[in-house]
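Participant: I'd like to go over a predicted model; first the sequence, then the structure.
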Amino acid sequence: MSLNANILLLIPLAPLLGAIVAGLFRNQIGRVGAHTVTIAGVALSTVLSLWVLYQLVWGGAAPFNENLYTWFRVGGIEAHVGFLVDRLTALMMAVVSFVSLMVHIYTIGYMADDPGYQRFFSYIALFTFSMLMLVMANNFLQLFFGWEAVGLVSYLLIGFWFKRPSAIFANLKAFLVNRVGDFGFLLGIAGVLYFFHTLDYQTVFAHAASLHGRTLEIVAGSPWSAATVICLCLFLGAMGKSAQVPLHVWLPDSMEGPTPISALIHAATMVTAGIFMVARLSPLFELSDTALSVVLVIGATTAFFTGLIGIVVNDIKRVIAYSTLSQLGYMTVALGASAYSTAIFHLMTHAFFKALLFLGAGSVIIAMHHEQDMRYMGGLRRYLPITYLTMWIGTLALAGVPGFAGFFSKDAIIEAVHESPRWGAGYAYACVLAGVFVTALYSFRLLYLTFHGRERFVVEHDAHHHDEHHHAPGHLAHPPHESPWVVTVPLILLAIPSVVIGGYTVGPLLHGDYFGAALATAGEHAAEFAGVWPTILEGFAAPPFWLAAAGFGVATFVYLYRPELADRIQSMLRPLWRLLDRKYWFDEIYQAVFARGSVLLGRGLWRGGDVGVIDNVLIDGTSAAVGRIAATVRWVQSGYLYTYAFAMILGVVALLGGLWLVVRG
């Protein structure tokens, strides 16, 4: 049995159609029409994606790999629009479309009062289309198209509230940082084209072994392994999109966009594109131990050190953003350890509970009238019971409590790194193990500051008084209340897989042959799996559980029972606290070195090149020289006939004299 090409084509095109209608005809169809057409498109995409997954796993369908349209032919090079739909693709399609559907439904409630309602729905539907085109691509050029499309739409969404200077700064920052990664990504694709003379996945993977022993001389006389150079360039693209150190600085600032897009960017679309790309290209990465060691070390550094920042952040969305950075580091570590199936497994489980946490934070923000500082919250559990319960579930999954989705995938990553013989594995193991404690600490800190303790907000029942002081932090016009059903239903639907999806899929994804030939090293731990319940029981005795329990204990003692200790600890550890609060000074360094350096370089080129050479020499100098020459010869133009006759006689004499010399010579 084979998959139908028309059905596959409909999966990305349905959200695209919804985006076009909502964007171009927003005034004609209104708010209800905008969310109806986009949700219908994404819902259709979700149903068809789940059908494709079912057919590939249980229906006996073979993977689909066909070109549907030819973009161009240049010499022997062809570029196509085509789909490669195997079990890896089908899993990504299902996750992307389902999480996107939940975000679309949630957006009805969150953006209800926003004047850009229709525009926002158009953007998020276009985001879904872009990510689906990326994961369904069967060639590098279409991969690059989807890659740039998600970058473009993320730029539009991060700066959605374009009247805020902070939002414009954030989307410009995301755009510039990702251009650095995309430059490397494009060089990697060029390297693939140079050595394989094709951009088709299947052909490249079939001849990947031909890269063995081939070199590039980036510096004359210093040959580099071609496989290493190509993979490092490709991974540079992943570092930008998946926000790995040092190209991570854009992701926390992306919180300037509305909360639904924060969930979509962080859970299932843009930031997971780099993880998926490396997994998809695993046949190439397996050719270079050097590249994989770089991946391993970069991921471990991101997992631990960005997680530490989450401990000191007070903005509820930014805490979850730094959590995303840390979890992306875990996925990258798994890629570096050649545990590609484990990385994709964590990507899948993380998509559900991270979307749940972001949307739960959005529900809190709605209740707090868009206050995001946790220092002005507290005691919200009695006002927001559904949000409170679902965020507890998401937190337990994130902390890796045995039985929840995050436990199965995170512990599998730690085990894979522990067993890896690759250079850098020891450092990576220490980072991911310590990261478990850090994750539990900032996760439960968020819960306690938001939902427990005393109420640190003020309800101003006098509406006029509130109007005068509506900018005061923590001052509300009326008491918080639970969000509407369009917000809480997606929370419930995301909470369910956050509990059960890990145990249900750990067997086939990690220890079975689910991925087959889609990943270079799939199914390598098949003999080690003893079952779901034995794995859960073993988890209670493993080091990650006790580290998570220690993080839970510290957070509970400090932020629930002795909140005054937090300020004392901050004073005692002020240098470390300042280091984390300043985010290791990455922003300041980049601003000083790159931003100001670029400005100084531009000014130098302007003064030395534009003004000094072009203006003064070429333009002003040329005109001055012409003026001087004209002034010199102007006396010849006297206006007297005898002067011109005399000049003609001199010319004739000079001409005859020259002719005589030539003839005589």
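Facilitator: Yep, that arrived. Numbering: from 1, shown residues only.

Participant: how far away is the nearest residue to Leu211 once chain neighbours are set aside from Phe196?
Facilitator: Nearest residue to Leu211 in three dimensions, chain neighbours excluded: Ala227, at 4.4 Å (CB to CB, 6 or more residues apart in numbering). C-beta: built from backbone N, CA, C; applies to glycine. Distance, Ala227 to Phe196, by CB to CB, to the nearest Å: 12 Å.

Participant: of these two, who's got more company?
Facilitator: Ala227 (27 against 20; other CB atoms under 10 Å).

Participant: Regarding that one, what is its secondary structure?
Facilitator: Of the three states, Ala227 takes helix under DSSP: H, G, I helix; E, B strand; the rest coil.

Participant: can you pull the contacts of it?
Facilitator: Going by CB atoms under 8 Å, 6 or more residues apart in numbering, Ala227 touches 211-212, 214, 284, 287-288, 291.

Participant: Show me which of those residues are buried.
Facilitator: 211, 284, 287-288, 291 (16 or more other CB atoms under 10 Å).

Participant: Grab the longest strand from this protein for me.
Facilitator: Counting by DSSP state E, the longest strand found in the chain is strand 64-74.

Participant: Please enumerate the strands of the stretch 201-350 of the chain.
Facilitator: Using DSSP state E, counting those that start in this stretch, the strands of the stretch 201-350 of the chain run over residues 215-219, 222-225.

Participant: So for Val52, which of the ones you listed sits nearest?
Facilitator: Smallest distance to Val52 across the strands of the stretch 201-350 of the chain (CB to CB): 37.6 Å, for strand 222-225.

Participant: which other residues reach the closest one?
Facilitator: Contacts for strand 222-225 (CB under 8 Å, 6+ apart): 214-218, 288, 290.

Participant: and that strand, which strands flank it?
Facilitator: strand 215-219 (antiparallel) (DSSP bridges).

Participant: chain center to the partner strand, what's the gap?
Facilitator: 30 Å (CA atoms, centre = their mean, to the nearest Å).

Participant: Pull out the buried positions in it.
Facilitator: Residues of strand 215-219 classed as buried by neighbour count (16+ other CB under 10 Å): Leu216.

Participant: then that strand to CSV, C-alphas only?
Facilitator: Provided in CSV are the C-alpha atoms of strand 215-219 (Å, rounded to 0.1, in the frame of the first residue of the first chain):
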residue,chain,number,x,y,z
THR,A,215,39.1,16.9,2.1
LEU,A,216,38.7,20.6,1.7
GLU,A,217,41.4,23.2,2.0
ILE,A,218,39.8,26.2,3.7
VAL,A,219,43.3,27.4,4.5
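
Participant: Let me see the mean pLDDT of it.
Facilitator: Strand 215-219 shows a mean pLDDT of 81.

Participant: same check, this time on stretch 446-454
Facilitator: For stretch 446-454, mean pLDDT is 93.

Participant: In that stretch, which residues are buried?
Facilitator: Neighbour-count burial for stretch 446-454 [16+ other CB under 10 Å]: 446-453.

Participant: Point out the ones among these that are inside helices.
Facilitator: Among those, the members falling in helices (DSSP state H) are 446-451.

Participant: Distance to Val74 for those residues - can I get that in a markdown table?
Facilitator: Shown next, in a markdown table, are those (distance: CB to CB, whole Å):
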| residue | distance to Val74 |
| --- | --- |
| Leu446 | 53 |
| Leu447 | 57 |
| Tyr448 | 60 |
| Leu449 | 58 |
| Thr450 | 56 |
| Phe451 | 60 |
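
Participant: Just name the closest of those to Asp86, please.
Facilitator: Leu446 (37.8 Å).

Participant: Surely the closest one touches Met374?
Facilitator: Yes. With contact defined as CB atoms under 8 Å, Leu446 and Met374 form a contacting pair (6.8 Å).

Participant: Spit out the residues that contact the two alike.
Facilitator: With CB under 8 Å, 6+ apart, Leu446 and Met374 have common neighbours 316, 319.

Participant: low-confidence ranges in the stretch 551-665 of the chain?
Facilitator: Confidence mapping of the stretch 551-665 of the chain against pLDDT under 70 gives the ranges 595-599, 602, 605-621, 633-639, 642, 665.

Participant: which residues in it form helices?
Facilitator: Remark: helices assigned in the stretch 551-665 of the chain by DSSP state H, counting those that start in this stretch are 564-572, 574-581, 586-590, 596-605, 622-633, 641-664.

Participant: Alpha carbons only: can I get the third one in CSV?
Facilitator: C-alpha atoms of helix 586-590 as CSV (Å, rounded to 0.1, in the frame of the first residue of the first chain):
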residue,chain,number,x,y,z
PHE,A,586,26.3,37.7,26.3
ASP,A,587,24.1,40.6,25.2
GLU,A,588,26.6,43.2,26.4
ILE,A,589,29.5,41.4,24.7
TYR,A,590,27.6,41.1,21.4
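
Participant: So for it, what gets flagged as buried?
Facilitator: Quick answer for helix 586-590 (16+ other CB under 10 Å): Tyr590.

Participant: contact partners of that helix?
Facilitator: Looking at helix 586-590 with CB under 8 Å, 6+ apart, the contacting residues turn out to be 246, 248-249, 582.

Participant: Among those residues, which one lies nearest to Ala43?
Facilitator: Nearest to Ala43, judged by CB to CB, of those is His248 at 33.6 Å.

Participant: What residues does that closest one make contact with?
Facilitator: 302, 306, 325, 586.

Participant: Mind giving me the PyMOL command for buried ones among these?
Facilitator: To isolate the buried ones among these in PyMOL, judged by 16+ other CB under 10 Å, type:
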select buried, resi 302+306+325
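
Participant: wait, which of the contacts of His248 is closest to Leu50?
Facilitator: Leu325 (29.9 Å).

Participant: if I pick that closest one, what's in contact with it?
Facilitator: With CB under 8 Å, 6+ apart, Leu325 has these contacts: 243, 248, 251-252, 302, 306-307.

Participant: Pro115 belongs to a strand, doesn't it?
Facilitator: No. Assignment of Pro115 by three-state DSSP gives coil, placing it outside any strand.

Participant: Could you check the pLDDT of it?
Facilitator: On the pLDDT scale, Pro115 gets 90.

Participant: if we can go back for a sec, restricted to helices, list the contacts of His248.
Facilitator: Reading helices off these with DSSP H, I get 325, 586.

Participant: mind putting the contacts of His248 in CSV, distance to Val271 included?
Facilitator: Formatted as CSV, the contacts of His248 follow (distance: CB to CB, whole Å):
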residue, distance to Val271
Thr302, 11
Thr306, 12
Leu325, 9
Phe586, 18
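
Participant: what are the ranges of the helices in the stretch 301-450 of the chain?
Facilitator: Under DSSP H, counting those that start in this stretch, the stretch 301-450 of the chain gives helices at 307-309, 316-336, 340-367, 385-399, 405-419, 425-451.
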